[in-house]
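give the three-dimensional model of this entry:
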Amino acid sequence: MTRLEAIHPHTIAHRGLSAHFPENTLTAVRGAYRCGCPWVELDVQLLGDGTPVIWHDPGVRRCSSRRGKLFTFDMTTAKTLDVGAWFHPRFAGERMATLEEMLDLINELGLGLNLELKVNRGRDPRTLTETSLPMALDKLPTERLVVSSFNRQALHTARQLEPDPHRLNLGLLYDKLPKEWREIASHLNAYSFHLDWRRLKEKQAREIKATGYRLFCYTANDPIAFAPLWQWGVDAVISDDPDLFAHYLPGKAAT
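Now for the predicted structure:
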């Protein structure tokens, strides 16, 4: 087996199964598993005390019972937040997951993980990567882990920590593919590109694939509009609701 070639899926559940569960939570990942999603995409960043947690926003207002910047919370106070009731009352009492808790669950369920190193404004990408990456590499086998980021310093730090591309599958996240993408990918010994499906051009997709990289697209929830991208060579779609794509994947007939 070469890296992920034999087991990688066509669909990845965005922030867990976030169309049906509160995003980036243990419950969302359990829900993804129960619905048959083999891979999930999650965000990691640091609390003020340096604890890596699964969280997307720089603040907690949108997805919790409180307000404030994430870095103002330590683990004790972060665990008092209700991170489920905002989505639906039946999820009241859900708590913020640490990276360690989430990795243990993913390992228990046998899922694959696309872990995004989420570097929000003013936060240190090197510290985030040095804290989070060794834990992820220790907990999950290479074939079930892709680590991605929009932040170039985080990616450089990740590659410095693990120079072997067969030990670390590194994904380059972009809203729009930069002109120097080949040079960047070669320098970082990258595994994949993760691009906004709405801004991707057919020529770019075919060039990426011809160069030997995997190509993931985010965040798509319209399988009919997305359908032409499979013909361009896209390997996987990151979706809030992957089941929408069940009858629209390569080799499947639309029904």
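
what's near enough to touch residue 155?
117, 149, 170, 172, 188, 190 (CB atoms under 8 Å, 6 or more residues apart in numbering). C-beta here means a position set from N, CA and C on the backbone, and glycine is covered the same way.

inside strands: which ones of the residues you listed?
117, 149, 170, 172 (DSSP state E).

wait, the first one sits on residue 46?
Which is residue 117. No - here residue 117 lies out of contact with residue 46, judged by CB atoms under 8 Å, at a distance of 10.3 Å.

the more surrounded of the two?
Neighbours were counted for residue 117 and for residue 46 using other CB atoms under 10 Å; residue 117 has more, 27 against 22.

spit out the contact partners of the closest residue to the more buried one other than its chain neighbours.
Closest residue in space to residue 117, ignoring its immediate chain neighbours: residue 149 at 4.0 Å, by CB to CB, 6 or more residues apart in numbering. Going by CB under 8 Å, 6+ apart, residue 149 touches 116, 117, 118, 119, 125, 129, 155, 158, 171, 173.

swap the cut-off to 6 Å and go again
117, 155, 173 (CB atoms under 6 Å, 6 or more residues apart in numbering).

looking at the second one now. What's its pLDDT?
Residue 155 is assigned 98 on the pLDDT scale.

quick one: the helices in the stretch 51-200 of the chain?
Counting by DSSP state H, counting those that start in this stretch, the stretch 51-200 of the chain has these helices, from start to end: 75-78, 99-109, 125-139, 152-161, 181-188.

indicate which one of these is closest to residue 234.
Of all the helices of the stretch 51-200 of the chain, it is helix 181-188 that lies closest to residue 234, at 15.6 Å by CB to CB.

averaged pLDDT, that closest one. What do you get?
On average, helix 181-188 scores 98.

quick one: closest of the helices of the stretch 51-200 of the chain to residue 200.
Across the helices of the stretch 51-200 of the chain, closest to residue 200 is helix 181-188 (CB to CB), at 11.9 Å.

centroid-nearest residue for this structure?
By CA atoms, centre = their mean, the chain has its centre lying nearest to residue 41, at 3.1 Å.

can you tell me how far that one is from residue 148?
8 Å (CB to CB, to the nearest Å).

point out where the protein drops to low pLDDT.
1-7, 252-255 (pLDDT under 70).

where do the strands sit along it?
Using DSSP E, strands in the chain cover 11-14, 39-46, 52-54, 112-117, 145-149, 169-174, 192-196, 214-218, 236-239.

include distance to residue 61 when you put those into TSV, please.
Listed next are the strands of the chain as TSV, based on distance: least, CB to CB, whole Å:
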stretch	distance to residue 61
strand 11-14	20
strand 39-46	15
strand 52-54	16
strand 112-117	20
strand 145-149	24
strand 169-174	24
strand 192-196	25
strand 214-218	23
strand 236-239	24
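
list the contacts for residue 202?
residue 232.

re the thing from before, from the contacts of residue 149, which single one is nearest residue 246?
For the contacts of residue 149, the nearest to residue 246 is residue 173 (25.8 Å; CB to CB).

look up how far residue 140 lies from that closest one.
19 Å.

the more surrounded of these two?
Between residue 173 and residue 140, counting by other CB under 10 Å, residue 173 is the more crowded of the two (21 against 17).
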